[in-house]
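Asks: make a model of this:
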Amino acid sequence: MKDLTAQIEPVRALIREGQLARARDALMLLARREPGHPAVNALLARTLYELGEPTKAAHYASRALAAVNPNPSTVRDLGDASDLAALAGDADRAIAWARRAIDLEPGNPSLHARAVYLLTKAGSLLEACRQAEAGLASVPGDPLLSSLLAGTLQRTARIEDAIPLFRRVTEARPDDAYAWHTLATALNYAETEPAETLAVHRRAGGLVERAAEPLPARPADPCGSSPLRVGLLSPDLRAHSVARFIEPALEHADPSRVRYCCYFTHPYPDAVSARLATRAAVWRHLPKTAPKKIAETIRADGVGILVDLCGLFDG
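Replies: Coordinates of the predicted model:
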């Protein structure tokens, strides 16, 4: 097999710089020249997945898997094989290889975390709980595994069991915005003192604000002060309950008084997205876009009021 190291390294540099589309195009050319090259197919699969193209990613991951040793024996090889199997949609092999890696290094929390993630993605939530508990038995108090176990407990409606774990993670990582974010989300579903819930939300919001990059001064609205521009930011402007509530507002808005600017962050638009796009004054599809870039786009569009429809959920 031809050595493509010299051609692959510049592509890796593009990926590190965040130029995923250029990296994809370069890898596509390499894949046409060397269709069976495992490194090219593996890197292309991961790049396509990051670009929100899971079907194509699965195709190239399957190609890469065909060249993988069916019995990998090192933690690194098992991890790589597990990741490829997950991209290819082969959950059983992905989980099996992840667990074999744990057998080699039971004290490595990231290996347990991979298995928990794969089991959760496969819908095996009770098994994911057991896996996280096994990880914590090997690495007591680990914040990552505590957070994963808490999240899995929350998904199985065991919110009262999840909250102490979320609290433990904030104690271990007091400046971690995501740790406070997950605790705030959980408290919304629990019988807790309102003052505590408010304090946790304020802490989470303060950490996000502190970490945010400053934006340039807001430009003048090119459309003038009227009509008002209202921004809607959400990953759920698709076949989702959020869209059902929002669509009537878009449909019946008086464009002489208000214009809706929609910022859709989910990777995969659908027929509902297409319909909503025709009813919005501005429609931006911004999957896997840095928060600063989204903020700059919203500001450039002259939005006067922004409504975050996602709240504390991921998206």
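
Asks: name the helices or strands packed onto the helix or strand containing Glu247?
Replies: Using DSSP states H and E, Glu247 sits within helix 241-252. Here helix 241-252 touches strand 228-234, strand 258-264, helix 271-279, going by 3 or more C-beta pairs under 8 Å, 6 or more residues apart in numbering; DSSP states H and E. In this view, the C-beta of every residue, glycine as well, is placed from N, C-alpha and C.

Asks: now tabulate the ones you listed in a markdown table and tack on distance to Asp80, mean pLDDT and mean neighbour count.
Replies: Formatted as a markdown table, the helices and strands packed on helix 241-252 follow (distance: least, C-beta to C-beta, whole Å; pLDDT from 0 to 100; neighbours: other C-beta atoms under 10 Å):
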| stretch | distance to Asp80 | mean pLDDT | mean neighbour count |
| --- | --- | --- | --- |
| strand 228-234 | 35 | 95 | 20 |
| strand 258-264 | 33 | 96 | 22 |
| helix 271-279 | 34 | 96 | 15 |
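
Asks: got the contact list for the longest helix belonging to the chain?
Replies: Taking DSSP state H as the assignment, the helix of the chain that covers the most residues is helix 194-211. Contacts with helix 194-211, where a contact means C-beta atoms under 8 Å, 6 or more residues apart in numbering, come from 175-177, 180-181, 183-184, 187-188, 312.

Asks: what of stretch 146-165?
Replies: Outside stretch 146-165, the residues that touch it by C-beta under 8 Å, 6+ apart are 113, 116-117, 120, 125-126, 128-129, 132-133, 135-136, 166, 168-169, 172, 179, 182-183, 185-187, 189-190, 192.

Asks: ok, now stretch 301-315?
Replies: Contact with stretch 301-315 is made by 181, 184-185, 188, 204, 219, 221-223, 228-236, 242, 246, 261, 265-266, 282, 284, 298, as judged by C-beta under 8 Å, 6+ apart.

Asks: any buried residues in it, and which?
Replies: 301-303, 309, 312 (16 or more other C-beta atoms under 10 Å).

Asks: ok, now stretch 241-253?
Replies: In stretch 241-253, counting by 16+ other C-beta under 10 Å, buried: 242-243, 246, 250, 253.

Asks: what do you get for stretch 141-150?
Replies: Residues of stretch 141-150 classed as buried: 142-150 (neighbour count, 16+ other C-beta under 10 Å).

Asks: among those residues, which ones are in helices?
Replies: Filtering the buried residues of stretch 141-150 for helices - DSSP H - leaves 143-150.

Asks: turn these into TSV, including pLDDT and distance to Ala31.
Replies: Shown next, in TSV, are those (pLDDT from 0 to 100; distance: C-beta to C-beta, whole Å):
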residue	pLDDT	distance to Ala31
Pro143	93	39
Leu144	93	34
Leu145	95	37
Ser146	95	41
Ser147	94	37
Leu148	95	34
Leu149	96	39
Ala150	95	41
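
Asks: closest to Gln7 out of the residues you listed?
Replies: Leu144 (35.7 Å; C-beta to C-beta).

Asks: surely that closest one and Pro109 touch.
Replies: Yes. Using C-beta atoms under 8 Å, Leu144 is in contact with Pro109, at 5.3 Å.

Asks: overlap in contacts, those two.
Replies: With C-beta under 8 Å, 6+ apart as the test, Leu144 and Pro109 reach no residue in common.

Asks: which SS state does Phe313 fall under?
Replies: Secondary structure for Phe313, judged by DSSP: H, G, I helix; E, B strand; the rest coil, is coil.

Asks: count of neighbours near the nearest residue to Ala271 once chain neighbours are set aside?
Replies: Closest residue in space to Ala271, ignoring its immediate chain neighbours: Ala239 at 7.4 Å, by C-beta to C-beta, 6 or more residues apart in numbering. Residues within reach of Ala239, counting by other C-beta atoms under 10 Å, total 11.

Asks: next one: the longest helix of the chain to chain centre, how far?
Replies: 22 Å (C-alpha atoms, centre = their mean, to the nearest Å).

Asks: for it, list the C-alpha coordinates in PDB.
Replies: Extracted in PDB, the C-alpha atoms of helix 194-211 (Å, rounded to 0.1, in the frame of the first residue of the first chain):
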ATOM      1  CA  PRO A 194     -35.900  27.800  44.800                       C
ATOM      2  CA  ALA A 195     -33.100  29.800  46.300                       C
ATOM      3  CA  GLU A 196     -30.600  27.000  45.600                       C
ATOM      4  CA  THR A 197     -31.900  26.500  42.100                       C
ATOM      5  CA  LEU A 198     -31.500  30.200  41.400                       C
ATOM      6  CA  ALA A 199     -28.000  30.400  42.800                       C
ATOM      7  CA  VAL A 200     -26.800  27.400  40.700                       C
ATOM      8  CA  HIS A 201     -28.300  29.000  37.500                       C
ATOM      9  CA  ARG A 202     -26.600  32.300  38.300                       C
ATOM     10  CA  ARG A 203     -23.300  30.500  38.900                       C
ATOM     11  CA  ALA A 204     -23.600  28.600  35.600                       C
ATOM     12  CA  GLY A 205     -24.500  31.800  33.700                       C
ATOM     13  CA  GLY A 206     -21.700  33.700  35.300                       C
ATOM     14  CA  LEU A 207     -19.100  31.200  34.300                       C
ATOM     15  CA  VAL A 208     -20.300  31.200  30.700                       C
ATOM     16  CA  GLU A 209     -20.300  35.000  30.600                       C
ATOM     17  CA  ARG A 210     -16.800  35.100  32.100                       C
ATOM     18  CA  ALA A 211     -15.500  32.700  29.500                       C
END
